[in-house]
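Enquirer: next comes the sequence, and after it the predicted model I'd like to discuss.
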Amino acid sequence: MSYPTNLQYTKEHEWVLVDGQTASVGITDFAQQQLGDVVYVDLPEVGATVEAGRNFGTIESVKAVSDLYAPVTGTVIEVNTALKDSPQDLNQRPHDAWMIKVSLVDGGAMVELMDAAAYAEVAK
Amino acid sequence: MTDTTATLKQTPLHACHVALGARMVPFGGWHMPVEYSGIIAEHMAVRTAAGLFDVSHMGEVEIAGPGALDAVQHITSNDASKLAIGQIQYSALTTPEGTFVDDLLVYRMGPSHFLLVINAGNIDKDVAWIQQRAAEAVPGVAVVNSSDRYALMALQGPRAEAILHTLTAIDLPAIRYYWFAHGEIAGVRGTVSRTGYTGEDGFEIMVPSAQGPRVWDALMAAGDAHGLKAAGLGARDTLRLEASMRLYGNDMDETRTVVEAGLGWIVGWKKPAFLGHDVLYAQKAAGTAQVLVGFEMIDRAIARHGHLVVADGVQVGVVTSGTQTPFVNKAIGMAYVPQALAAVGTPLTIDIRGRQARAVVVPMPFYKRAKSA
């Protein structure tokens, strides 16, 4: 699997797309493969605060529940509500199916992010 | 995933799974396929076409010789005297308290020869238990652990009979539900039973271990035109839950009685004493404090094994199985609840990782296949 170079990655197998003051967050192809068929995603509501390294939701596959960890700190400005009815988007196009968009806090903490090449080494 | 893979046992079909690219996980001391093409796809294949499962990790114990029937009658809850040769029954291996040492299938191979199919994770415990308890009823009765002798495959789904038919001369339509026959399958001598753990029609096929891969490969090839998929433990779990079949270690164990688990139908109420007889009879008459019910989530959430059923902030019950099922496409599960909350339609509250989610008691099974013509 090749990982898009415009994204940055966490060791928790999430990706971040930073565009100005906004960061989109999703899970990686490696993560979705490990999870198997995703059937449910529990995401925060618009206006909620997320904090880097802290839990912001859960993702459930048929077999298991996993916590989602925020890679960045800020306020949730958009939630991908389409995932409620089609959580399988996270399996089928993981690097397009963002979960939340966060308005970044100036100087807010971020977890350590990797580029695509570094992440590809982790996700082996 | 695990660094103890080397110590895990492998079934005779292990190489077949690896060749198919299965995702392998540790399960009950075994290195087993959890999925091949994906749990949902495999689940749907079993409901609409067919799936092939490796269940060779299950154990087999044979009880044979003079007194075999008496020994089986003593250690299991169901009435094995009702079994004709060639017939199978679902039963429980019970403690004197009426709880489950295991659940099992009892095959009557001959007048005085029974084969018990037991859960993989319980083989050592069950064999020790059976040897001790069978001898207490019938001193000297032969109890043999033949778990390593067989490869066991489950071919399940509406296309199962058509697929198997291409590989055997056994008269499959003549095998009724919970009966078996012997014969050759893909040129290998074995036993075919109309049983399964999916809620679909289908067969379980037992052959000598060494010939297992040959039969597996022949079934996969024969099933290709019928939409057969190899299916792993993941789909096995969602299928059995949709069909409301209990899972040992989840829905029943040594703390729950056969009556509590809602399995009074596997107690031979007319048979003389057996282990657990007194407790089960008393519970049948007086009822139990808790009982296993099926539920469906109302709120969008999935209840899982171990989540608590609460009322007014206090625990009143526990979820034993729960998942989002692919075919019924609902979040369902089973839970032990007080009798007062057991009626169909009763609202339940389940604590899902700190969130109170609403559910409702529904009839089981959650899924029942249409009767074939």
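Expert: Noted; the coordinates are in hand.

Enquirer: ok, residue 116 - how many residues close by?
Expert: No chain was given, so I picked chain A. 15 (other Cβ atoms under 10 Å in any protein chain shown). The C-beta positions use only the backbone N, C-alpha and C, and glycine is treated the same way.

Enquirer: you looked at the wrong chain, it should be chain B
Expert: 24.

Enquirer: please apply the same query to the one 10 residues further on.
Expert: Burial measure for B:Asp126: 22 neighbouring residues, criterion other Cβ under 10 Å.

Enquirer: for B:Ala19, same thing?
Expert: Residues near B:Ala19, counting by other Cβ under 10 Å: 11.

Enquirer: same question for B:Asn329.
Expert: 11.

Enquirer: same deal with B:Asp79?
Expert: 19.

Enquirer: in contact with the nearest residue to B:His14 once chain neighbours are set aside, which residues?
Expert: Once flanking residues are discounted, B:His14 sits nearest to B:His31: 6.6 Å by Cβ to Cβ, 6 or more residues apart in numbering or on different chains. Going by Cβ atoms under 8 Å, 6 or more residues apart in numbering or on different chains, B:His31 touches B:5, B:8-10, B:14, B:24-25.

Enquirer: how distant is the helix or strand in which B:His31 is found from the center of its chain?
Expert: If you go by DSSP states H and E, B:His31 is part of strand B:30-35. Its chain's average C-alpha position is 16 Å from that of strand B:30-35, according to Cα atoms, centre = their mean, to the nearest Å.

Enquirer: stretch B:195-208 too?
Expert: That offset, for stretch B:195-208, works out to 10 Å (Cα atoms, centre = their mean).

Enquirer: name the residues of it that are buried.
Expert: B:195-207 (16 or more other Cβ atoms under 10 Å in any protein chain shown).

Enquirer: the residues you listed in strands, which ones?
Expert: Among the buried residues of stretch B:195-208, the members falling in strands (DSSP state E) are B:202-207.

Enquirer: how many other residues sit next to B:Gly183?
Expert: 14.

Enquirer: can you check my assumption that it lies in a strand?
Expert: Yes: residue state for B:Gly183 (DSSP: H, G, I helix; E, B strand; the rest coil) corresponds to a strand.

Enquirer: in terms of pLDDT, where does the residue in chain A that chain B sits nearest to sit?
Expert: Chain B sits closest to A:Val39 of chain A, with a gap of 3.9 Å, by Cβ to the nearest Cβ. At A:Val39, the model reports a pLDDT of 91.

Enquirer: quickly list what A:Tyr69 is bridged to.
Expert: Beta-bridge partners of A:Tyr69, counted by DSSP bridges, are A:Asn55.

Enquirer: per-residue confidence at A:Ser61?
Expert: For A:Ser61, the model assigns a pLDDT of 91.

Enquirer: what bridges to it?
Expert: Judged by DSSP bridges, the bridge partners of A:Ser61 are A:Val38.

Enquirer: wait, what's in contact with it?
Expert: Shown in contact with A:Ser61 (Cβ under 8 Å, 6+ apart): A:35-39, B:39.

Enquirer: low-confidence regions, chain A specifically.
Expert: Within chain A, the stretches with pLDDT under 70 are A:1.

Enquirer: what ranges does it have for its strands?
Expert: Going by DSSP E, chain A shows strands at A:8-9, A:14-19, A:22-27, A:38-42, A:49-50, A:55-61, A:65-69, A:74-79, A:100-104.

Enquirer: what lies in contact with the fifth one?
Expert: Outside of strand A:49-50, the residues within contact range by Cβ under 8 Å, 6+ apart are A:44, A:56, A:70, A:72-76, A:100, A:102.
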